[in-house]
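Trainee: give the three-dimensional model of this entry:
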Amino acid sequence: MDAEYRSLMSNDVWELTEPLEDCNIVKCKWVFKLKVGPNGMIERCKAWLVAQGYSQRQGQDYKEIFSPVYKVVKKYIRWMLSIYGLKQSPRFWNYVLDAQLKGMGFCQTKNDLSIYVSKTGEPFTIAIYADDILLASKTDERLDDVKRELASKFKIKDL
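Mentor: Now for the predicted structure:
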C-alpha cells in the first residue's frame, strides 16, 4: 500500500481542492491482492487505490473527477491523472503510452491498434494489453534500448 501511495504522490496524481458546487463526488477504496508464485508461496502483496467509477455521470464527470479525502474536513482530491476504476482510465493510459511509443519511432498497425512496429531500422514489435507490454526484437541490444527508454518515462517492472 505504501508503494502505491508513494507512486501516486510522486506522479502528482492529485491535488487538494474545494469541491465545485453541484459536483458529483466519486469515492475511492483500496483493493488488495496477494501474488502467489508457481510454488504456491506468497511472493508479494499488491494494493491499488481504485475510484468507484460506476458513480460517474456521462457528460458531467468525465472532465474533472472529485473524491473525498480521509479525515480532512471540506477538502477533496482533484485527480490530475487517471487511476484504476475510472471509466476513462484505460483511454487516458492508452493516450499517454501511444504518444510515448510514437515519439520513440513506432507506429500502430492498421489491423490491430494494440500492436506497434518500428518504422525504421531492424524489426521490432510491441504488443499492448491493458497496462501490460510485450516487446519482441531480434537483438537483446535493441530490446534493452527500448526498455531503457520506456523506463525513463514510466515506472516499469520487467518480468
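Trainee: separation between residue 106 and residue 124?
Mentor: Counting by CB to CB, to the nearest Å, the gap from residue 106 to residue 124 is 8 Å. The way it works is simple: take the backbone N, C-alpha and C, and place the C-beta from them, glycine included.
Trainee: again with residue 49
Mentor: 34 Å.
Trainee: below-threshold pLDDT in the chain: ranges please.
Mentor: 61-77, 79-83 (pLDDT under 70).
Trainee: would you map the strands across it?
Mentor: 14-17, 28-36, 42-51, 66-68, 76-79, 106-108, 115-118, 124-129, 132-137 (DSSP state E).
Trainee: just the ones you listed: most buried one?
Mentor: strand 76-79 (a mean of 20; mean count of other CB atoms under 10 Å).
Trainee: okay, and the beta partners of residue 129?
Mentor: residue 132 (DSSP bridges).
Trainee: and of the strands of the chain, who's closest to residue 85?
Mentor: Nearest to residue 85, of all those, is strand 42-51, at 3.8 Å by CB to CB.
Trainee: and the closest one, what other elements does it pack with?
Mentor: Using 3 or more CB pairs under 8 Å, 6 or more residues apart in numbering; DSSP states H and E as the contact test, the elements touching strand 42-51 are helix 2-10, strand 28-36.
Trainee: Throw these into JSON lines and include distance to residue 87, thanks.
Mentor: Shown next, in JSON lines, are the helices and strands packed on strand 42-51 (distance: least, CB to CB, whole Å):
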{"stretch": "helix 2-10", "distance to residue 87": "19"}
{"stretch": "strand 28-36", "distance to residue 87": "14"}
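Trainee: first vs last residue of stretch 122-132, how far apart are they?
Mentor: 23 Å (CA to CA, to the nearest Å).
Trainee: ok, residues contacting that stretch?
Mentor: Identification of contacts with stretch 122-132 by CB atoms under 8 Å, 6 or more residues apart in numbering yields 90, 93-94, 97, 101, 106, 114-118, 133-139, 142, 146.
Trainee: same deal with stretch 90-102?
Mentor: With CB under 8 Å, 6+ apart, stretch 90-102 has contacts from 81-82, 108, 116, 126, 128, 130-131, 133, 150, 153-154.
Trainee: how far away from the center of its chain is that stretch?
Mentor: 9 Å (CA atoms, centre = their mean, to the nearest Å).
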